[in-house]
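Participant: With the sequence up front, the predicted model follows.
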There are 2 protein chains.
Amino acid sequence: MVTRREDFSKWYLQTIQQADLMDYAPVRGCMIFKPNGYEIWEHIQDEANRRFKAEGIRNAYFPMLIPESFFSREKDHIEGFSPELPFVTEAAGEVLEEKLALRPTSETIIGDSFAKWIQSYRDLPLEINQWANVFRWEKRTLPFLRTSEFLWQEGHTAHATAEEAQERTMRMLDVYVELIEDVLAIPVFKGEKTPSERFAGAERTFSVEAMMQDGKAVQAGTSHYMGTKFAEAFNIRYLNQDNEHVLTYTTSWGISTRLIGAMIMTHGDDQGLVLPPKIAPQQVVFIPVGPWQKNPAIMETIEQLQNDLKKEGIRTIVDDSDNRPGYKFNEWELRGVPLRVEIGPRDLANQQAILKARDLADKESIDLANFVKEIQTALSEMQVRLLESARQRVKELSYTHINTIEELEAHIEAKQAAGEPLGFVLAGWNGKAETEAEIKERTGFTTRNIPFAGTVEAKHKDIITGEPATTTVWLARAY
Amino acid sequence: MVTRREDFSKWYLQTIQQADLMDYAPVRGCMIFKPNGYEIWEHIQDEANRRFKAEGIRNAYFPMLIPESFFSREKDHIEGFSPELPFVTEAAGEVLEEKLALRPTSETIIGDSFAKWIQSYRDLPLEINQWANVFRWEKRTLPFLRTSEFLWQEGHTAHATAEEAQERTMRMLDVYVELIEDVLAIPVFKGEKTPSERFAGAERTFSVEAMMQDGKAVQAGTSHYMGTKFAEAFNIRYLNQDNEHVLTYTTSWGISTRLIGAMIMTHGDDQGLVLPPKIAPQQVVFIPVGPWQKNPAIMETIEQLQNDLKKEGIRTIVDDSDNRPGYKFNEWELRGVPLRVEIGPRDLANQQAILKARDLADKESIDLANFVKEIQTALSEMQVRLLESARQRVKELSYTHINTIEELEAHIEAKQAAGEPLGFVLAGWNGKAETEAEIKERTGFTTRNIPFAGTVEAKHKDIITGEPATTTVWLARAY
């Protein structure tokens, strides 16, 4: 077992394999979501759907194949996506008249439909979401975080006014913050992407960025305000109350299966995966200990307790295999199950059980009389603890004292020498793309996002030129 | 509005459009699932997932792209599917070394994984399910029923013995019967497909067939026993307890979004869609009537009642638009909402509401004091009523008196002259593919499935040759 500190990348690949989350596929850059990995996604989907529904957003499904010509209608969009598109060129033994792209995102095909569906102001806002597989032919891939095919949700909305569209854009960013922090226990940095990092075709792109244990960033979700760019490209117009055909304002926003990768890199430890209770496929594992096979009352008790938990919607599993307890403990720790409950003859005699939370070193005794309540409390305490502990680390690895590129270079050198994470660095920026490019070239750090005014202490000088900064930006190396 | 009797196909296309379930896509043969259509699928998914979970089957996700060479490993499989495959031949600006098929079904890519994952008898059975988009490049398409891209679930299992695999095959067929009848209120014919209608690569294929109101068949679900054919093709072997590497026995089984089409064609009437309550996106529509805008207590009462229903998990909508009640009634009938609740000043004064079930002609008064209970009862009664009414029709249109091809031809002629459905015809069959082909050529009827022994009265003579029948088979024209 390699440790996180020894080799974080290797630790990650080892952890996802040992937790049986995924497998590599026979097609380059694609992956297989095994049941333990896929079920995490299903819980994320449930939680997201609940929130989308509360926002009045319904799910739909659009075709995966998009005519090549659709992409060229929005010039930034085609520039951004064409280098990564796979194309269907033949079907049923015949060459197609027009190549069909495997969707990398669906603004174009949904824009085409919105143009048909929207006639008057009464049809607005039109707000839909889609769960789908998408394709971006990536050169370098990493399971969950960057694969040629991945799973995601993409919301698409059209509005009568710029204000309404902007409000939806910001609202979904907040929904993502709440979802990612509350459900996945991943603290995020909320802000706006710089122009060079905008979604291809967006007027403004906002993101939530997460910091992994190795100090690198994962873009965990994005929300885009398109202005009228896609409305112009696809002629999405409505008859307003003055009887004029005017353009709508659109948005899109998405989260993907890369959240699973971010979750693993946020919470995992040297014993393997650590799953936040809310998305754990199994929340509690029961392990009978001692001479339990000779003592049928132990398994009977476990089955009873398991039923009691099931009634409360708690997901459980029992390991009654012939393996030794130590082997089992290790196995379920690798898989990240939040709580382990051990019951042996002595525990049963005392009407107690041993409870071990995956993220704590110590075990505790709990009374069977109060079992369900104890488990519920332990699950919700662990959920909070994981977020707090990640928040603490993120705070420690967020550096706001660096003012010049030389200081950033020195920071990198010092941290690398000590084998410590580089973290996020807050910098002043003159708003120029050249500066951004130079930062990247000299340090490998990219702009993550621009925090909203008042949420951080502003930096007043551009990190490269020393000129007055127009804005403050988070920098980090990123996945 | 065309009626079902005037032109059933036209009625179907009109109904799905007016109920706002779908739209045509800019890519040939593909369709868009609008929210009202997609949500029906989401309810089917929930119901299916609950049943799969009870069977111990978990969800996973495999890549959509399958190397061309995978198909040729099982000769029947490639023969069956190659005429319909779309291929990705280029990606990221480069021509691929090997063409990648868009999955039409996943036996091959899952077989490849199973071969890696299964080592010993301890790994068996291996039972997984996948929800996915699949592609079959169809020449003639029909929304929901036959499209180039569609959504489905495909279960894949591997077992140590033939018996176990056969048991799983039959068990899933029964799960489908229960799901389709109980949730979609569609009565089905359960049986085995003839050899010529088997899934490409299966040893035995079983199906559930549904009869539409026009008497034509829709294959509603299939379950396949593969024997060791895919295990041989992909080398899926396990070490048995005698330390021998032996082949596993595999199965697969699937239902798709064509169930939505079958449901529409089973329950719809000349006023539009009729949705079984269990899968209706909105189960109850509230419509305030009379001078309700001057009487705020009406909308207050409706909101209260809506909340009461929501607490019980009942899906509701309120139509408080400015349209006239007659217009609204018609609109929600087109959309197939199971129950309509009207409340006006007089109803409120009497502490009553008017309840109208979509499938009944008459309205009834219900007491607000007992509102939730009344609605729950009305929903479950309607669910039962739809199944019973479909069962009655299916019974009337199932013909068991026909013994010769001439009688079948006469039946078709007489029914067509009367403008009546042809229905399902039970026939004796000598088990020969030539006979099957001749039936099809002369009548357009195809073999649907062979009912299980004892479920129907056996026919003793082959319908074409008059030779002794080896089996009894349902014949029908099919979608």
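Facilitator: Arrived safely.

Participant: What segments of the stretch 1-150 of chain A are strands?
Facilitator: Under the criterion DSSP state E, counting those that start in this stretch, the stretch 1-150 of chain A contains strands at A:22-24, A:31-33, A:58-59, A:65-67, A:86-91, A:94-102, A:126-135, A:149-159.

Participant: where does the stretch 51-200 of chain A come near chain B, residue by residue?
Facilitator: A:58-67, A:70, A:82-93, A:100, A:102, A:109, A:112-113, A:116-117, A:128, A:132-133, A:137, A:139, A:148-149, A:151 (C-beta under 8 Å from any C-beta of the partner chain). Bear in mind the C-beta positions are built from the backbone N, C-alpha and C, glycine included.

Participant: Buried subset of these, written for ChimeraX?
Facilitator: Selection of the buried residues among those in ChimeraX, burial being defined by 16 or more other C-beta atoms under 10 Å in any protein chain shown:
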select /A:58,59,60,61,62,63,64,65,66,67,70,82,84,85,86,87,88,89,90,91,92,100,102,109,112,113,117,128,132,133,137,148,149,151
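
Participant: picking that back up, let me have the strands of the stretch 1-150 of chain A in a markdown table, adding mean pLDDT as columns.
Facilitator: Output for the strands of the stretch 1-150 of chain A, formatted as a markdown table (pLDDT from 0 to 100):
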| stretch | mean pLDDT |
| --- | --- |
| strand A:22-24 | 97 |
| strand A:31-33 | 98 |
| strand A:58-59 | 98 |
| strand A:65-67 | 96 |
| strand A:86-91 | 97 |
| strand A:94-102 | 96 |
| strand A:126-135 | 98 |
| strand A:149-159 | 98 |
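
Participant: Just want the most central residue of chain A.
Facilitator: Closest to where the C-alpha atoms of chain A average out (C-alpha atoms, centre = their mean) is A:Leu259, at 2.2 Å.

Participant: That residue reaches A:Ile44, doesn't it?
Facilitator: Yes. Assessed by C-beta atoms under 8 Å, A:Leu259 is found in contact with A:Ile44 at 6.2 Å.

Participant: any common contacting residues for the two?
Facilitator: Both A:Leu259 and A:Ile44 are contacted by A:Leu184, under the criterion C-beta atoms under 8 Å, 6 or more residues apart in numbering or on different chains.

Participant: distance of A:Tyr38 from chain B?
Facilitator: Between A:Tyr38 and chain B the distance is 5 Å, computed by C-beta to the nearest C-beta, to the nearest Å.

Participant: got it, and A:Ile298?
Facilitator: 23 Å.

Participant: Same question for A:Lys190.
Facilitator: From A:Lys190 across to chain B, the span is 29 Å (C-beta to the nearest C-beta).

Participant: Contacts only, for whichever residue of the stretch 151-300 of chain A sits closest to chain B.
Facilitator: Chain B sits closest to A:Leu151 of the stretch 151-300 of chain A, with a gap of 6.7 Å, by C-beta to the nearest C-beta. When contacts are counted by C-beta under 8 Å, 6+ apart, A:Leu151 is found next to A:Phe33, A:Trp41, A:Trp131, A:Ala132, A:Asn133, A:Val134, A:Ser256, A:Thr257, B:Tyr61.

Participant: Make JSON lines from those and add distance to A:Asp269 to it.
Facilitator: Formatted as JSON lines, these follow (distance: C-beta to C-beta, whole Å):
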{"residue": "A:Phe33", "distance to A:Asp269": "23"}
{"residue": "A:Trp41", "distance to A:Asp269": "22"}
{"residue": "A:Trp131", "distance to A:Asp269": "31"}
{"residue": "A:Ala132", "distance to A:Asp269": "33"}
{"residue": "A:Asn133", "distance to A:Asp269": "31"}
{"residue": "A:Val134", "distance to A:Asp269": "32"}
{"residue": "A:Ser256", "distance to A:Asp269": "25"}
{"residue": "A:Thr257", "distance to A:Asp269": "22"}
{"residue": "B:Tyr61", "distance to A:Asp269": "27"}
